[in-house]
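Colleague: return a 3D structure for these sequence lines:
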Amino acid sequence: MVDTLFFVHSDAAAADQLAGYYRAQGWQVESTRPTDPDALDSIVRTRPVALVFCLDSECAADVHGLAEQVVGDARISRPLMVFAGGSPDDIARARQNMPFGVFVRMDELAWVLKRLAVRS
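Modeller: Take a look at the predicted model:
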């Protein structure tokens, strides 16, 4: 079974670019915008090994909200939650609410996910 990465990103073009890169690496990739009405249900159906929340956008508050929903939803086994990019304020807020999350710069994301693949 191929492990699935799930990207939460407000910019569809950027999400597609990320998805293409990771698909070429052998991952199955899904994505959603944090404001999509069925975002949480999509995550539940997909059962990803990792959720990657992009904080590089004007919708960081929506990303935080969805991450909090993921943590509070009993239907979801706890995937690795990675928060990529973002302003110092957005990172601090996410870290306060998700202290067990992994926080990386966008250029560190591939390294983190590669380590995840080695573990699984």
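
Colleague: neighbouring contacts of the helix or strand of the chain with the lowest mean pLDDT?
Modeller: Every helix and strand of the chain was ranked by mean pLDDT, DSSP states H and E. The lowest is helix 109-119, at a mean of 79. For helix 109-119, the surrounding residues in contact (Cβ atoms under 8 Å, 6 or more residues apart in numbering) are 3, 5, 21-22, 26-27, 49-50, 52, 80, 82, 84, 102, 104. (C-beta placed from N, C-alpha, C; glycine too.)

Colleague: list the buried residues in stretch 39-50.
Modeller: 39-40, 42-43, 46, 48-50 (16 or more other Cβ atoms under 10 Å).

Colleague: redo those residues as a markdown table? Include secondary structure, distance to residue 62 and pLDDT.
Modeller: Compiled in a markdown table, the buried residues of stretch 39-50 are given as follows (DSSP: H, G, I helix; E, B strand; the rest coil; distance: Cβ to Cβ, whole Å; pLDDT from 0 to 100):
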| residue | secondary structure | distance to residue 62 | pLDDT |
| --- | --- | --- | --- |
| 39 | helix | 9 | 96 |
| 40 | helix | 12 | 96 |
| 42 | helix | 15 | 95 |
| 43 | helix | 14 | 95 |
| 46 | helix | 19 | 93 |
| 48 | coil | 19 | 93 |
| 49 | coil | 23 | 91 |
| 50 | strand | 19 | 93 |
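
Colleague: ramachandran angles for the residue nearest the centre of the chain?
Modeller: Closest to where the C-alpha atoms of the chain average out (Cα atoms, centre = their mean) is residue 52, at 1.6 Å. Here the main-chain torsion angles of residue 52 (degrees, to the nearest 10) amount to phi -110, psi 110.

Colleague: that one pairs with what?
Modeller: On the basis of DSSP bridges, residue 52 is bridged to residue 7, residue 82.

Colleague: run through who's touching stretch 3-17.
Modeller: 18-19, 22, 27-35, 39, 42-43, 46-54, 57-59, 62-63, 66-67, 79, 113, 116-117, 120.
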